[in-house]
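**Student:** this one's structure only:
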């Protein structure tokens, strides 16, 4: 099967593209420009298509002859990115990609969204029908992208499947590096009580979920939360990482509100200047927002069944950080 992957130079998209190659699919990747990461994909058997996700002509060329599109590309949270850029990439381009896929006769588009569209979960665990409460421009535009994908697909008669991953981690990803490094170096401090829920998704399990979204007939025009098989509290997560790192479990807790105020002040000063704030409210949200999700629909309808335990995933990730000198 010929497939197209967007966002393949990123952590998740790269794992997905390489797994598709391993399964003997003809894999294309739409990449914005040549780079060492793109060259690595090519050496692993991925055909590169150079173009911007916002360029309709590039989308048409990349989608030609493709049966399934896995749309992973997104504008994530970075300082200095304007609202219109988030919207152009995370929303408008999604509708255009679905149009391009329908125009060349593709069967299905799998669109990667985020559980962030549900915001802070009031009554965990949340399922796919939980209220939408996006908390920042990234989450707002990801929700808009979902809606555009569905509306465009319904109008043009192409299948679309929405996948909402929870916190993604695993060897090669550095989004949780601060957490692992802080604990391993005995410098971790928890803000608040640490009893909020946290729900991680190991990369191998997520890729299996994406493939099921693209291949299972029952997944057509459905939405699935893809998350790990275990929900934990932040305190328990910190304890598991400390155990894997063979260090004492951190015990220091500090109040949240001074750091939230400091984050707001840093954002007010740095963001207008296009600078990355040393502290911002989203980092503080890590300690205050519960993230717990119900994956029963994905289990029942497409056979999604996470295989990597949280303990094993943490061990593998920590070993990778150590091997590459990140700790």
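**Tutor:** Received, thanks. Just so we're clear, the structure is a prediction, and the values are computed from it rather than from any experiment.
**Student:** ok, and what's touching the helix or strand bottoming out on mean pLDDT in the chain?
**Tutor:** Here the helix or strand of the chain ranked lowest by mean pLDDT, DSSP states H and E is helix 281-285, holding a mean of 74. Outside helix 281-285, the residues within contact range by Cβ atoms under 8 Å, 6 or more residues apart in numbering are 77, 135-136, 191, 256, 259-260, 263-264, 267. Bear in mind the C-beta positions are built from the backbone N, C-alpha and C, glycine included.
**Student:** try stretch 75-93
**Tutor:** The contact list for stretch 75-93, computed with Cβ under 8 Å, 6+ apart, reads 53-54, 59, 73-74, 136-138, 140-142, 144-145, 148, 270-271, 273-277, 282.
**Student:** ok so, going back, out of the contacts of helix 281-285, which are buried?
**Tutor:** Judged by neighbour count, with 16 or more other Cβ atoms under 10 Å as the criterion, the buried members of the contacts of helix 281-285 are 135, 191, 256, 259-260, 263, 267.
**Student:** mind checking which of those land in strands?
**Tutor:** Taking DSSP state E as the definition of strands, the buried ones among the contacts of helix 281-285 contribute residue 191.
**Student:** of the buried ones among the contacts of helix 281-285, just say which sits nearest to residue 109.
**Tutor:** Distance to residue 109, by Cβ to Cβ, is smallest for residue 135 among the buried ones among the contacts of helix 281-285, at 26.1 Å.
**Student:** what's near enough to touch the closest one?
**Tutor:** Neighbour list for residue 135: 116, 119-120, 285, 289 [criterion: Cβ under 8 Å, 6+ apart].
**Student:** export the buried ones among the contacts of helix 281-285 to a markdown table and tack on pLDDT and distance to residue 302?
**Tutor:** As requested, those are arranged in a markdown table below (pLDDT from 0 to 100; distance: Cβ to Cβ, whole Å):
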| residue | pLDDT | distance to residue 302 |
| --- | --- | --- |
| 135 | 84 | 28 |
| 191 | 93 | 37 |
| 256 | 86 | 38 |
| 259 | 79 | 40 |
| 260 | 76 | 39 |
| 263 | 74 | 39 |
| 267 | 72 | 39 |
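**Student:** for the buried ones among the contacts of helix 281-285, which one is nearest residue 215?
**Tutor:** Nearest to residue 215 out of these is residue 135 (Cβ to Cβ; 32.6 Å).
**Student:** quick one on the thing from earlier: got a quick ChimeraX command for the buried subset of the contacts of stretch 75-93?
**Tutor:** Command for ChimeraX that selects the buried part of the contacts of stretch 75-93, burial taken from 16+ other Cβ under 10 Å:
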select :53,59,73,74,137,138,140,141,142,144,145,148,270,277
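**Student:** now intersect the buried ones among the contacts of helix 281-285 with the helices, please.
**Tutor:** The members of the buried ones among the contacts of helix 281-285 that map onto helices under DSSP state H are 259-260, 263, 267.
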